[in-house]
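Enquirer: Provided below for reference: sequence and predicted model.
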Amino acid sequence: MSDSIIFSPFQVKSFTIKNRIGVAPMTRMSSSSDSIPRQDVFDFLIRRAKNGAAIVYTEAIVTDYESAQGYPGQARMVTQRQIESWRPVVHAIQKEGSIAIMQMFHCGRMAWPEINPANRVIAPSAITPKQINPMTGEPYPVPDIMSQFDIDHVIVGFVETAKGAIEAGFDGIEIHGAHGYLINNFLSSYSNERSDAYGGSVENRFRFAHEVIQAVKKVTPDDRLLTFRISNWGVADMEVSLFNSKAEYQEIIKMLSKEPIDVISVSTYGYKDNAFSTDQNMAEITREVTDLPLMICGQIYDRTSAEDALKNADIILSAKSLLLNPDWVEDVRSKKQLPLYKSEEASVAYTDEPLP
Ligand SMILES: Cc1cc2nc3c(=O)[nH]c(=O)nc-3n(C[C@H](O)[C@H](O)[C@H](O)COP(=O)(O)O)c2cc1C
(Lines give C-alpha, C1' and ligand atoms only; values in the text may rest on other atoms or scores of the structure.)
Protein backbone atom coordinates (compact mmCIF):
# COMPACT_ATOMS: atom_id res chain seq x y z
CA MET A 1 0.00 0.00 0.00
CA SER A 2 1.01 3.57 -0.48
CA ASP A 3 -0.01 6.61 1.49
CA SER A 4 0.44 8.95 -1.43
CA ILE A 5 -2.46 10.90 -2.88
CA ILE A 6 -1.45 9.33 -6.21
CA PHE A 7 -2.84 5.98 -5.10
CA SER A 8 -5.99 7.24 -3.43
CA PRO A 9 -9.33 6.82 -5.19
CA PHE A 10 -11.25 9.70 -6.74
CA GLN A 11 -15.00 9.85 -7.29
CA VAL A 12 -16.54 11.34 -10.42
CA LYS A 13 -20.27 10.74 -10.70
CA SER A 14 -20.81 7.02 -10.19
CA PHE A 15 -17.18 6.18 -11.05
CA THR A 16 -14.68 5.42 -8.33
CA ILE A 17 -11.41 5.98 -10.12
CA LYS A 18 -9.00 3.69 -8.32
CA ASN A 19 -5.96 5.98 -8.39
CA ARG A 20 -5.00 9.33 -9.88
CA ILE A 21 -3.10 8.12 -12.94
CA GLY A 22 -4.43 8.08 -16.49
CA VAL A 23 -2.92 7.23 -19.86
CA ALA A 24 -3.10 10.44 -21.92
CA PRO A 25 -4.58 10.18 -25.40
CA MET A 26 -1.90 9.12 -27.87
CA THR A 27 -2.33 8.95 -31.64
CA ARG A 28 -0.56 5.90 -33.04
CA MET A 29 -1.32 6.08 -36.79
CA SER A 30 -1.54 2.29 -37.05
CA SER A 31 -4.87 1.81 -38.82
CA SER A 32 -5.13 0.58 -42.36
CA SER A 33 -7.91 1.66 -44.72
CA ASP A 34 -10.54 0.21 -42.38
CA SER A 35 -9.68 2.85 -39.71
CA ILE A 36 -9.17 0.10 -37.13
CA PRO A 37 -5.93 0.23 -35.07
CA ARG A 38 -3.44 -2.65 -35.17
CA GLN A 39 -3.92 -5.38 -32.59
CA ASP A 40 -0.65 -4.54 -30.83
CA VAL A 41 -1.88 -0.97 -30.36
CA PHE A 42 -5.03 -2.31 -28.71
CA ASP A 43 -2.90 -4.67 -26.61
CA PHE A 44 -0.74 -1.73 -25.50
CA LEU A 45 -3.80 0.03 -24.05
CA ILE A 46 -4.98 -3.12 -22.28
CA ARG A 47 -1.51 -3.69 -20.81
CA ARG A 48 -1.46 -0.15 -19.38
CA ALA A 49 -4.72 -0.92 -17.56
CA LYS A 50 -3.35 -4.27 -16.35
CA ASN A 51 -0.29 -2.46 -15.06
CA GLY A 52 -2.26 -0.08 -12.90
CA ALA A 53 -3.43 2.97 -14.85
CA ALA A 54 -6.87 3.93 -13.55
CA ILE A 55 -7.96 5.64 -16.76
CA VAL A 56 -7.06 4.74 -20.32
CA TYR A 57 -7.72 7.22 -23.09
CA THR A 58 -7.80 6.11 -26.70
CA GLU A 59 -5.88 7.82 -29.44
CA ALA A 60 -7.77 10.76 -30.94
CA ILE A 61 -10.52 9.26 -33.10
CA VAL A 62 -11.41 11.30 -36.20
CA THR A 63 -15.03 12.32 -36.47
CA ASP A 64 -15.74 11.98 -40.17
CA TYR A 65 -14.66 10.67 -43.56
CA GLU A 66 -14.54 14.11 -45.16
CA SER A 67 -12.23 16.64 -43.63
CA ALA A 68 -11.42 15.55 -40.07
CA GLN A 69 -8.21 13.60 -40.59
CA GLY A 70 -4.77 15.13 -40.10
CA TYR A 71 -2.47 12.13 -39.92
CA PRO A 72 -2.29 8.86 -41.83
CA GLY A 73 -3.61 5.70 -40.23
CA GLN A 74 -6.05 7.34 -37.85
CA ALA A 75 -8.99 5.46 -36.38
CA ARG A 76 -12.74 6.00 -36.60
CA MET A 77 -15.66 4.67 -34.61
CA VAL A 78 -18.70 4.80 -36.84
CA THR A 79 -18.94 1.50 -38.69
CA GLN A 80 -20.12 -1.67 -36.96
CA ARG A 81 -16.72 -3.29 -37.63
CA GLN A 82 -14.90 -0.38 -36.03
CA ILE A 83 -17.21 -0.51 -33.03
CA GLU A 84 -16.78 -4.28 -32.69
CA SER A 85 -12.99 -3.93 -32.86
CA TRP A 86 -13.00 -1.66 -29.79
CA ARG A 87 -15.55 -3.60 -27.73
CA PRO A 88 -13.16 -6.31 -26.42
CA VAL A 89 -10.50 -3.67 -25.73
CA VAL A 90 -12.92 -1.66 -23.61
CA HIS A 91 -14.04 -4.81 -21.85
CA ALA A 92 -10.45 -5.86 -21.06
CA ILE A 93 -9.64 -2.40 -19.68
CA GLN A 94 -12.75 -2.51 -17.49
CA LYS A 95 -11.86 -6.01 -16.28
CA GLU A 96 -8.77 -4.48 -14.70
CA GLY A 97 -10.93 -2.03 -12.76
CA SER A 98 -9.92 0.82 -15.06
CA ILE A 99 -12.01 3.28 -17.01
CA ALA A 100 -11.91 3.53 -20.81
CA ILE A 101 -12.49 6.92 -22.44
CA MET A 102 -12.64 7.61 -26.16
CA GLN A 103 -11.15 10.90 -27.31
CA MET A 104 -12.51 12.36 -30.57
CA PHE A 105 -11.52 15.30 -32.70
CA HIS A 106 -11.73 17.05 -36.02
CA CYS A 107 -8.35 18.38 -37.15
CA GLY A 108 -9.76 21.62 -38.57
CA ARG A 109 -7.03 23.67 -40.20
CA MET A 110 -4.48 20.97 -39.30
CA ALA A 111 -6.19 18.48 -41.62
CA TRP A 112 -4.37 16.87 -44.52
CA PRO A 113 -6.74 17.05 -47.52
CA GLU A 114 -5.14 14.23 -49.53
CA ILE A 115 -6.01 11.66 -46.87
CA ASN A 116 -9.62 12.82 -46.56
CA PRO A 117 -11.98 11.47 -49.20
CA ALA A 118 -13.67 14.88 -49.60
CA ASN A 119 -10.23 16.42 -50.08
CA ARG A 120 -11.09 19.46 -47.98
CA VAL A 121 -9.62 21.52 -45.18
CA ILE A 122 -12.21 23.48 -43.23
CA ALA A 123 -11.82 25.92 -40.36
CA PRO A 124 -13.51 28.99 -38.88
CA SER A 125 -11.34 31.32 -41.00
CA ALA A 126 -9.05 31.05 -44.02
CA ILE A 127 -5.88 31.31 -41.93
CA THR A 128 -3.10 28.72 -41.88
CA PRO A 129 -0.56 27.98 -39.19
CA LYS A 130 2.71 29.78 -39.96
CA GLN A 131 4.89 26.71 -39.80
CA ILE A 132 5.30 23.99 -42.43
CA ASN A 133 3.32 20.78 -41.97
CA PRO A 134 5.98 18.28 -40.80
CA MET A 135 3.89 15.44 -42.23
CA THR A 136 3.96 16.78 -45.80
CA GLY A 137 6.95 19.12 -45.77
CA GLU A 138 4.65 21.77 -47.32
CA PRO A 139 2.72 24.73 -45.97
CA TYR A 140 -0.68 23.87 -44.51
CA PRO A 141 -3.35 24.49 -47.19
CA VAL A 142 -5.62 27.51 -46.79
CA PRO A 143 -8.86 26.23 -45.23
CA ASP A 144 -12.34 26.78 -46.62
CA ILE A 145 -14.26 29.04 -44.26
CA MET A 146 -16.92 26.90 -42.63
CA SER A 147 -20.48 27.71 -43.60
CA GLN A 148 -23.41 27.12 -41.25
CA PHE A 149 -24.02 23.93 -43.23
CA ASP A 150 -20.43 22.80 -42.57
CA ILE A 151 -20.75 23.60 -38.88
CA ASP A 152 -23.98 21.63 -38.50
CA HIS A 153 -22.59 18.79 -40.58
CA VAL A 154 -19.35 18.52 -38.60
CA ILE A 155 -21.29 18.38 -35.34
CA VAL A 156 -23.12 15.32 -36.71
CA GLY A 157 -19.70 13.64 -37.03
CA PHE A 158 -18.98 14.23 -33.33
CA VAL A 159 -22.42 12.86 -32.43
CA GLU A 160 -22.10 9.75 -34.60
CA THR A 161 -18.63 9.03 -33.22
CA ALA A 162 -19.91 9.45 -29.66
CA LYS A 163 -22.72 7.02 -30.43
CA GLY A 164 -20.15 4.55 -31.72
CA ALA A 165 -18.19 4.83 -28.48
CA ILE A 166 -21.30 4.30 -26.37
CA GLU A 167 -22.15 1.27 -28.48
CA ALA A 168 -18.61 -0.09 -27.96
CA GLY A 169 -19.13 0.22 -24.17
CA PHE A 170 -16.77 3.10 -23.34
CA ASP A 171 -17.14 4.61 -19.86
CA GLY A 172 -16.58 8.06 -21.21
CA ILE A 173 -16.11 10.36 -24.15
CA GLU A 174 -13.66 13.19 -24.51
CA ILE A 175 -14.22 16.14 -26.79
CA HIS A 176 -10.78 17.29 -27.87
CA GLY A 177 -10.80 21.06 -27.68
CA ALA A 178 -7.02 21.43 -27.42
CA HIS A 179 -3.81 21.55 -29.45
CA GLY A 180 -4.87 23.76 -32.38
CA TYR A 181 -7.48 21.44 -33.90
CA LEU A 182 -10.98 22.46 -35.01
CA ILE A 183 -12.68 23.27 -31.70
CA ASN A 184 -9.56 25.09 -30.57
CA ASN A 185 -9.48 26.93 -33.94
CA PHE A 186 -12.86 28.40 -33.04
CA LEU A 187 -11.88 29.22 -29.45
CA SER A 188 -8.71 31.12 -30.35
CA SER A 189 -8.53 34.51 -32.05
CA TYR A 190 -5.23 33.25 -33.51
CA SER A 191 -7.30 31.17 -35.96
CA ASN A 192 -10.79 32.68 -35.72
CA GLU A 193 -11.44 36.04 -37.37
CA ARG A 194 -15.16 35.50 -38.06
CA SER A 195 -17.58 38.35 -37.70
CA ASP A 196 -20.72 36.18 -37.36
CA ALA A 197 -22.13 34.45 -34.27
CA TYR A 198 -19.07 32.12 -34.12
CA GLY A 199 -16.38 34.80 -33.93
CA GLY A 200 -15.41 38.03 -32.24
CA SER A 201 -16.34 37.95 -28.57
CA VAL A 202 -15.18 35.10 -26.36
CA GLU A 203 -18.79 34.00 -26.04
CA ASN A 204 -19.11 33.80 -29.82
CA ARG A 205 -15.82 31.93 -30.20
CA PHE A 206 -17.07 29.49 -27.57
CA ARG A 207 -20.33 28.86 -29.46
CA PHE A 208 -19.03 26.00 -31.60
CA ALA A 209 -17.64 24.15 -28.54
CA HIS A 210 -20.97 24.73 -26.80
CA GLU A 211 -22.92 23.28 -29.72
CA VAL A 212 -20.65 20.23 -29.95
CA ILE A 213 -20.89 19.58 -26.20
CA GLN A 214 -24.67 19.98 -26.17
CA ALA A 215 -25.16 17.69 -29.17
CA VAL A 216 -22.81 15.01 -27.80
CA LYS A 217 -24.39 15.18 -24.35
CA LYS A 218 -27.77 14.35 -25.88
CA VAL A 219 -26.48 10.94 -26.99
CA THR A 220 -24.33 10.30 -23.90
CA PRO A 221 -26.18 8.44 -21.16
CA ASP A 222 -25.92 9.92 -17.67
CA ASP A 223 -23.93 6.94 -16.44
CA ARG A 224 -21.01 7.81 -18.73
CA LEU A 225 -18.42 10.55 -18.37
CA LEU A 226 -17.99 13.50 -20.68
CA THR A 227 -14.60 15.19 -20.54
CA PHE A 228 -13.27 18.20 -22.44
CA ARG A 229 -9.58 18.74 -23.21
CA ILE A 230 -8.20 22.25 -23.50
CA SER A 231 -4.75 23.76 -23.96
CA ASN A 232 -3.14 27.12 -24.48
CA TRP A 233 -0.76 25.65 -27.08
CA GLY A 234 -1.12 24.01 -30.45
CA VAL A 235 0.97 21.40 -32.20
CA ALA A 236 1.72 23.92 -34.96
CA ASP A 237 3.22 27.32 -34.07
CA MET A 238 3.84 25.81 -30.68
CA GLU A 239 5.27 28.93 -29.09
CA VAL A 240 2.03 30.90 -29.60
CA SER A 241 -0.28 31.50 -26.63
CA LEU A 242 -3.67 30.57 -28.11
CA PHE A 243 -5.58 32.64 -25.60
CA ASN A 244 -4.82 36.33 -25.33
CA SER A 245 -4.76 36.60 -21.55
CA LYS A 246 -5.42 34.82 -18.31
CA ALA A 247 -8.77 36.65 -18.14
CA GLU A 248 -9.80 35.36 -21.58
CA TYR A 249 -8.78 31.78 -20.76
CA GLN A 250 -10.63 31.93 -17.45
CA GLU A 251 -13.74 33.25 -19.18
CA ILE A 252 -13.69 30.15 -21.38
CA ILE A 253 -13.18 27.87 -18.36
CA LYS A 254 -16.16 29.54 -16.66
CA MET A 255 -18.30 28.92 -19.76
CA LEU A 256 -17.10 25.32 -19.94
CA SER A 257 -18.04 24.87 -16.30
CA LYS A 258 -21.66 25.68 -17.13
CA GLU A 259 -21.72 22.96 -19.78
CA PRO A 260 -22.85 19.40 -19.04
CA ILE A 261 -19.29 18.07 -18.79
CA ASP A 262 -17.84 16.12 -15.87
CA VAL A 263 -14.12 16.87 -16.08
CA ILE A 264 -11.83 19.48 -17.64
CA SER A 265 -8.56 18.04 -18.88
CA VAL A 266 -5.82 20.65 -19.16
CA SER A 267 -2.97 19.86 -21.50
CA THR A 268 0.29 21.73 -21.00
CA TYR A 269 3.77 21.40 -22.39
CA GLY A 270 5.02 21.33 -18.80
CA TYR A 271 2.58 21.27 -15.88
CA LYS A 272 4.89 23.49 -13.79
CA ASP A 273 5.32 26.23 -16.38
CA ASN A 274 3.92 29.62 -15.49
CA ALA A 275 1.28 30.82 -17.94
CA PHE A 276 0.05 34.17 -19.26
CA SER A 277 3.01 36.05 -17.73
CA THR A 278 1.78 35.23 -14.24
CA ASP A 279 3.46 33.24 -11.50
CA GLN A 280 0.73 30.59 -11.75
CA ASN A 281 0.66 27.40 -13.79
CA MET A 282 -2.27 26.32 -16.00
CA ALA A 283 -3.80 24.07 -13.36
CA GLU A 284 -3.80 26.85 -10.77
CA ILE A 285 -5.28 29.31 -13.25
CA THR A 286 -7.97 26.80 -14.22
CA ARG A 287 -8.83 25.79 -10.68
CA GLU A 288 -9.28 29.41 -9.64
CA VAL A 289 -12.50 29.60 -11.67
CA THR A 290 -14.01 26.11 -11.75
CA ASP A 291 -15.27 23.50 -9.33
CA LEU A 292 -15.15 20.74 -11.94
CA PRO A 293 -12.68 17.90 -11.43
CA LEU A 294 -9.39 18.64 -13.23
CA MET A 295 -6.92 16.48 -15.07
CA ILE A 296 -3.46 17.84 -15.76
CA CYS A 297 -0.84 16.63 -18.22
CA GLY A 298 2.65 17.68 -19.29
CA GLN A 299 6.06 16.48 -18.09
CA ILE A 300 4.74 14.50 -15.15
CA TYR A 301 7.32 11.75 -15.09
CA ASP A 302 7.99 10.51 -11.57
CA ARG A 303 6.50 10.37 -8.11
CA THR A 304 7.67 13.84 -7.09
CA SER A 305 6.24 15.55 -10.18
CA ALA A 306 3.01 13.52 -9.90
CA GLU A 307 2.47 14.54 -6.29
CA ASP A 308 3.36 18.12 -7.07
CA ALA A 309 0.93 18.25 -10.02
CA LEU A 310 -1.83 16.83 -7.85
CA LYS A 311 -1.64 19.89 -5.59
CA ASN A 312 -3.69 21.74 -8.20
CA ALA A 313 -5.50 18.92 -10.00
CA ASP A 314 -7.39 15.72 -9.22
CA ILE A 315 -5.91 13.38 -11.80
CA ILE A 316 -2.63 13.33 -13.69
CA LEU A 317 -2.32 12.08 -17.23
CA SER A 318 0.97 10.93 -18.61
CA ALA A 319 1.79 10.31 -22.26
CA LYS A 320 5.49 9.69 -22.93
CA SER A 321 6.26 8.01 -19.60
CA LEU A 322 3.41 5.53 -20.05
CA LEU A 323 4.22 5.10 -23.73
CA LEU A 324 7.85 4.19 -23.12
CA ASN A 325 7.66 2.48 -19.74
CA PRO A 326 5.01 -0.25 -19.32
CA ASP A 327 5.79 -0.41 -15.59
CA TRP A 328 5.49 3.31 -14.97
CA VAL A 329 2.64 3.11 -12.45
CA GLU A 330 4.49 0.55 -10.32
CA ASP A 331 7.74 2.49 -10.68
CA VAL A 332 5.99 5.60 -9.37
CA ARG A 333 4.59 3.55 -6.50
CA SER A 334 8.02 2.24 -5.58
CA LYS A 335 9.56 5.74 -5.80
CA LYS A 336 11.96 4.66 -8.51
CA GLN A 337 14.13 7.33 -10.09
CA LEU A 338 12.64 7.89 -13.54
CA PRO A 339 13.70 9.81 -16.65
CA LEU A 340 11.93 12.76 -18.27
CA TYR A 341 11.58 11.52 -21.84
CA LYS A 342 12.20 13.79 -24.83
CA SER A 343 9.68 14.25 -27.66
CA GLU A 344 11.99 12.48 -30.15
CA GLU A 345 11.90 9.36 -27.99
CA ALA A 346 8.13 9.15 -28.53
CA SER A 347 8.56 8.58 -32.26
CA VAL A 348 8.52 4.82 -31.58
CA ALA A 349 4.76 5.32 -31.23
CA TYR A 350 4.59 5.49 -35.01
CA THR A 351 6.66 2.47 -35.99
CA ASP A 352 5.34 -1.01 -36.78
CA GLU A 353 7.24 -2.44 -33.80
CA PRO A 354 4.87 -3.50 -31.02
CA LEU A 355 5.59 -1.56 -27.83
CA PRO A 356 6.07 -3.47 -24.57
C1 LIG B 1 2.89 9.70 -29.41
C2 LIG B 1 1.98 10.78 -28.92
C3 LIG B 1 0.71 10.92 -29.46
C4 LIG B 1 -0.16 11.90 -28.98
N5 LIG B 1 -1.44 11.96 -29.46
C6 LIG B 1 -2.35 12.76 -28.85
C7 LIG B 1 -3.73 12.66 -29.17
O8 LIG B 1 -4.16 11.85 -29.99
N9 LIG B 1 -4.58 13.49 -28.52
C10 LIG B 1 -4.16 14.39 -27.58
O11 LIG B 1 -4.98 15.11 -27.01
N12 LIG B 1 -2.86 14.49 -27.25
C13 LIG B 1 -1.96 13.69 -27.84
N14 LIG B 1 -0.64 13.73 -27.45
C15 LIG B 1 -0.23 14.65 -26.37
C16 LIG B 1 -0.25 13.95 -25.03
O17 LIG B 1 -1.55 13.49 -24.70
C18 LIG B 1 0.30 14.85 -23.91
O19 LIG B 1 -0.56 15.94 -23.75
C20 LIG B 1 1.72 15.33 -24.16
O21 LIG B 1 2.53 14.29 -24.68
C22 LIG B 1 2.38 15.84 -22.88
O23 LIG B 1 2.41 14.83 -21.91
P24 LIG B 1 3.77 14.07 -21.49
O25 LIG B 1 4.75 15.13 -21.10
O26 LIG B 1 3.36 13.16 -20.36
O27 LIG B 1 4.24 13.31 -22.69
C28 LIG B 1 0.26 12.78 -27.95
C29 LIG B 1 1.56 12.65 -27.42
C30 LIG B 1 2.41 11.66 -27.88
C31 LIG B 1 3.77 11.53 -27.25
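Expert: Cool, the structure landed. Nothing here was measured: the structure is a model prediction, and the numbers come from that model.

Enquirer: what's the neighbour count on Asn312?
Expert: Using other C-beta atoms under 10 Å, Asn312 is surrounded by 19 other residues. To be clear about C-beta, it is placed using only N, CA and C from the backbone, and glycine gets the same treatment.

Enquirer: same thing with Ser257?
Expert: Residues near Ser257, counting by other C-beta under 10 Å: 14.

Enquirer: please list all residues in contact with the residue lying closest to it once chain neighbours are set aside.
Expert: Spatial nearest neighbour of Ser257, excluding adjacent residues (C-beta to C-beta, 6 or more residues apart in numbering): Thr290 at 4.4 Å. Contact analysis of Thr290 by C-beta atoms under 8 Å, 6 or more residues apart in numbering lists 253-254, 256-257, 264.

Enquirer: is it correct that Thr290 falls within a helix?
Expert: No. Read with DSSP: H, G, I helix; E, B strand; the rest coil, Thr290 is coil and lies in no helix.

Enquirer: state the distance from Pro141 to the ligand.
Expert: Pro141 is 21 Å from the ligand, where distance means C-beta to the nearest ligand atom, to the nearest Å.

Enquirer: without its sequence neighbours, what residue ends up closest to Tyr341?
Expert: Excluding the flanking residues, the one nearest Tyr341 by C-beta to C-beta, 6+ apart is Lys320, at 4.2 Å.

Enquirer: farthest pair within the contacts of Thr290?
Expert: Distance extremes for these: the farthest pair is Lys254 and Ile264 at 11.0 Å, using C-beta to C-beta.

Enquirer: what mean pLDDT would you report for stretch 81-97?
Expert: For stretch 81-97, mean pLDDT is 98.

Enquirer: and the contacts of it?
Expert: Stretch 81-97 has contacts (C-beta under 8 Å, 6+ apart) with 18, 34-37, 42, 45-46, 49-50, 54, 56, 58, 75-77, 99-100, 102, 164-165, 167-171.

Enquirer: now go through those and say which are in helices.
Expert: Counted as lying in helices by DSSP state H, out of the contacts of stretch 81-97, are 42, 45-46, 49-50, 164-165, 167-168.

Enquirer: show me where the protein has its helices.
Expert: Going by DSSP H, the chain shows helices at 39-50, 80-95, 148-168, 182-187, 202-218, 246-257, 282-287, 303-309, 320-324, 328-333.

Enquirer: can you tell me which of these is most buried?
Expert: Stretch with highest mean neighbour count among the helices of the chain: helix 182-187 (a mean of 28; mean count of other C-beta atoms under 10 Å).

Enquirer: so does it get close to the ligand?
Expert: No. Applying C-beta under 6 Å from any ligand atom, one finds helix 182-187 out of contact with the ligand, separated by at least 10.4 Å.

Enquirer: can you tell me which residues contact Pro260?
Expert: 213-214, 217, 226.

Enquirer: how close does it sit to the ligand?
Expert: Relative to the ligand, and taking C-beta to the nearest ligand atom, Pro260 is found at 21 Å.

Enquirer: who in this structure is up against the ligand?
Expert: Checking the chain against the ligand by C-beta under 6 Å from any ligand atom, the hits are 24-27, 59-60, 103, 176, 178-179, 229, 267, 297-300, 318-321, 323, 346, 349.

Enquirer: model confidence for whatever residue of the stretch 51-200 of the chain ends up closest to the ligand, exactly?
Expert: Closest contact between the stretch 51-200 of the chain and the ligand, by C-beta to the nearest ligand atom, is at Ala60 (3.3 Å). Confidence at Ala60, expressed as pLDDT, is 98.
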